[in-house]
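Colleague: Here's my sequence, what's the structure:
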Amino acid sequence: MKLNKILFLFLFLLSATVAVAQSSLELKRKKEAIQRDIELLQRNLTKTAKNKKLTQSQIDALNAKIGLMQDKITVINSEIKNLDNQIHENTNTVINLKGQLSQLKKEYAGMIRFAQRNQNAYDKMMFVFAASDFNQAYKRIKYLQQFGQYRKKQAGYIQGTQKDLNYKIVVLDKNLKQKSSLLHEQESEKDKLGKNKNEQAQVLNKFSKQEKQYKQDIVARKKQQAQIDRNIRSAIAREIAIAKKKAEEEARAAAERARLAEERARAAAERARALAVAKAKAENKPIPAAVAATPVAKAKVATANSSNNYLTATPEAAKLSAAFESNRGSLPWPVATGTTTESFGKHKEGQASYDNAGITIQTNEGAAVRAVFNGKVTQIGNALGRYYVLIKHGQYFTVYQNLKSVSVGKGEDVSTKQTIGIVASSGDIPELQFQIYRGQAAQNPAGWLSAK
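Modeller: Residues are numbered from 1 along each chain as shown. Just a heads-up that it's a prediction; the model follows:
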């Protein structure tokens, strides 16, 4: 019974340890990913530290960095909470194991005392011969044998429990050291966060002094971005128009084929009716009513699709569109390393406001830009020396803006993660503007890209 209890406790502790280890590993990975993003942003900020003119990219990088540092502190707090739970569980386990060890030793001591009192072989024989019958004597012999075996098992339980206790004490000591290390890391990160908030305050003070120029920069950037977005929507509209024209041509061709088939059927029916009439007259018989009015079945005419359905009119396009949609939340990032510094939707800086139809991703200098899914390049544009690439995925489109160079051509088929160009720098900071459209409706890329 005691063996089953100890085995159950061991299995429970093992499963709990595995679950906690997985949770701790996930937190560690998340913290490391956040730290990589912080270091990337810091490298970009360091490169622009000597710039007298403040740029939107610098402000976005600093704000994103502060946000990531706060996220890192939150993850550290979760790690500390996780360790506190482990420490509490391990402390309780140590207390329980000490109690079990004490009870096992107490019972073992009692058995030793009993064995010492009855260790004489003569006493054992008298104990057996004093039985009232053979059956009772046999049971007494078995009892003495089982008592010896049980005593050995108890000794094994004591050794096993002592080993488990020592192991848990080591784990508990390791937990306490880890917690101390995390508390030190937490204080260090809070100190860094405070310094970065001071830097942010200085940047905002600098912004207030340059607000007029800064507002002009935002207005100019907004106009430029709006023009690019209009060009992109126009390109998408052209793709829809081409698909619509093709679908309508196919529908007209199908209608013409149906009309010709109907005419052939009508002519055949007319010939059959004429032959039937001629035969009836030759045989001097009345003309059957069914022959006199032979109906001709009308062929079905294909109708064209409407709206974005034109983009999925062909089986290949429909399959590609469905595949793209099924990968929502798991599309690879358009750059191998990067962090979002400006999210999807409306933004406001001071009195100036603007809209982001995608997300802005800061990355490393010279980073390769990759297609996030299989598709066809339908547009390559140029705006102020920077390129953008439009890729079609059925009824979906992905846009990659602010490229220094492009390595694909219009009409070319591309595959997932294929390099399509190199990112350019905005104010000395390399960043990519990434967008997703369903037809002409902009989507929030954050919901489509995979988690890091």
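Colleague: Just give me the neighbour total for the spatially closest residue to Ala64 that is not a sequence neighbour.
Modeller: Residue nearest to Ala64 in three dimensions, not counting chain neighbours: Thr341, with 4.2 Å by C-beta to C-beta, 6 or more residues apart in numbering. Every C-beta, even on glycine, is put in place using the N, C-alpha and C of the backbone. Counted by other C-beta atoms under 10 Å, the residues lying close to Thr341 total 25.
Colleague: ok, Thr341 - contacts?
Modeller: Residues near Thr341 by C-beta atoms under 8 Å, 6 or more residues apart in numbering: Leu41, Ser57, Asp60, Ala61, Asn63, Ala64, Thr360, Ile361, Gln362, Glu431.
Colleague: Repeat that for Lys452.
Modeller: By C-beta under 8 Å, 6+ apart, the residues touching Lys452 are Ala33, Trp333.
Colleague: any idea how far it is from Thr55?
Modeller: Using C-beta to C-beta, to the nearest Å, Lys452 is found at 26 Å from Thr55.
Colleague: Need the distance between the two termini of stretch 347-361.
Modeller: End-to-end distance of stretch 347-361 (C-alpha to C-alpha, to the nearest Å): 16 Å.
Colleague: Filter the contacts of Thr341 down to just the buried residues.
Modeller: Leu41, Ser57, Asp60, Ala61, Ala64, Thr360, Ile361, Gln362, Glu431 (16 or more other C-beta atoms under 10 Å).
Colleague: which stretch of helix or strand covers the residue nearest to Ala64?
Modeller: strand 338-342 (DSSP states H and E).
Colleague: Show me what that strand pairs with in its sheet, parallel or antiparallel.
Modeller: Strand 338-342 has its sheet partners listed here by DSSP bridges as strand 359-363 (antiparallel).
Colleague: Adjacent strands (with direction) for whatever helix or strand comes next after the strand it pairs with?
Modeller: Per DSSP H and E, the first helix or strand lying C-terminal to strand 359-363 is strand 368-370. Sheet pairing for strand 368-370, assigned by DSSP bridges, gives strand 419-423 (antiparallel).
Colleague: mind listing the strands for the chain?
Modeller: Ranges of strands in the chain, per DSSP state E, are 338-342, 345-349, 352-356, 359-363, 368-370, 375-383, 386-393, 396-406, 413-414, 419-423, 425-426, 429-438, 441-443.
Colleague: Mean pLDDT and distance to Leu165 added to these, as TSV?
Modeller: Converted to TSV, the strands of the chain look like this (pLDDT from 0 to 100; distance: least, C-beta to C-beta, whole Å):
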stretch	mean pLDDT	distance to Leu165
strand 338-342	91	47
strand 345-349	75	57
strand 352-356	72	59
strand 359-363	93	52
strand 368-370	96	54
strand 375-383	90	61
strand 386-393	93	60
strand 396-406	94	59
strand 413-414	95	61
strand 419-423	95	58
strand 425-426	76	60
strand 429-438	93	56
strand 441-443	92	57
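Colleague: of all the ones you listed, which lies closest to Leu27?
Modeller: Comparing those by their distance to Leu27 (C-beta to C-beta), the top pick is strand 338-342, with 18.8 Å.
Colleague: any idea how far Val75 is from the residue lying closest to Gly338 once chain neighbours are set aside?
Modeller: Nearest residue to Gly338, sequence neighbours excluded (C-beta to C-beta, 6+ apart): Thr363, at 3.8 Å. Taking C-beta to C-beta as the measure, Thr363 falls 22 Å from Val75.
Colleague: Also Ala313?
Modeller: Going from Ala313 to Val75 by C-beta to C-beta gives 48 Å.
Colleague: Give me the contact list for stretch 72-87.
Modeller: Identification of contacts with stretch 72-87 by C-beta under 8 Å, 6+ apart yields 20, 23-24, 27-28, 30-31, 34-35, 38, 172, 175-176, 178-179, 182-183, 185-186, 189-190, 193.
Colleague: Give me the buried subset of those.
Modeller: For those, buried by 16+ other C-beta under 10 Å: 20, 24, 27, 30-31, 34, 38, 172, 175, 178-179, 182, 185-186, 189, 193.
Colleague: Give me the outermost residue of the protein relative to its centroid.
Modeller: Of all residues in the chain, Asn284 has its C-alpha farthest from the mean position, at 84.4 Å, by C-alpha atoms, centre = their mean.
Colleague: picking that back up, doesn't Val335 make contact with the residue nearest to Gly338?
Modeller: Yes. Using C-beta atoms under 8 Å, Thr363 is in contact with Val335, at 4.5 Å.
Colleague: list the residues that contact both of the two?
Modeller: Counting by C-beta under 8 Å, 6+ apart, the residues touching both Thr363 and Val335 are Val423, Leu432.
Colleague: one step back: kindly tell me how buried the residue nearest to Gly338 is, as a neighbour count.
Modeller: Count around Thr363 with other C-beta under 10 Å applied: 22.
Colleague: Apart from its neighbours in sequence, what residue is nearest Asp355?
Modeller: Excluding the flanking residues, the one nearest Asp355 by C-beta to C-beta, 6+ apart is Lys346, at 5.3 Å.
Colleague: Count the residues that sit near that neighbour.
Modeller: Residues lying near Lys346 (other C-beta under 10 Å) number 9.
Colleague: if we can go back for a sec, kindly indicate which of the contacts of Thr341 lies nearest Trp448.
Modeller: Once C-beta to C-beta is applied, the member of those that ends up nearest Trp448 is Ile361, at 13.2 Å.
Colleague: contacting residues around that closest one?
Modeller: Ile361 sits next to Trp333, Pro334, Val335, Gly338, Thr339, Thr340, Thr341, Glu431, Leu432, Gln433, Phe434 when contact means C-beta under 8 Å, 6+ apart.
Colleague: Quick check: it vs Lys245, distance?
Modeller: 36 Å.
Colleague: same question, Phe434
Modeller: 30 Å.
Colleague: out of those two, which sits in the busier spot?
Modeller: Using other C-beta under 10 Å as the criterion, Phe434 and Lys245 rank with Phe434 on top: 25 against 12.
Colleague: Who does the more buried one form a beta bridge with?
Modeller: In this entry, Phe434 is beta-bridged to Ile359, Tyr400, by DSSP bridges.
Colleague: list the contacts for it?
Modeller: Phe434 neighbours (C-beta under 8 Å, 6+ apart): Pro334, Gly358, Ile359, Thr360, Ile361, Thr398, Val399, Tyr400, Gln401, Pro445.
Colleague: same check, this time on Asn374
Modeller: Taking C-beta under 8 Å, 6+ apart, we find Asn374 in contact with Leu320, Ala323, His393, Asp413, Val414, Ser415, Thr416.
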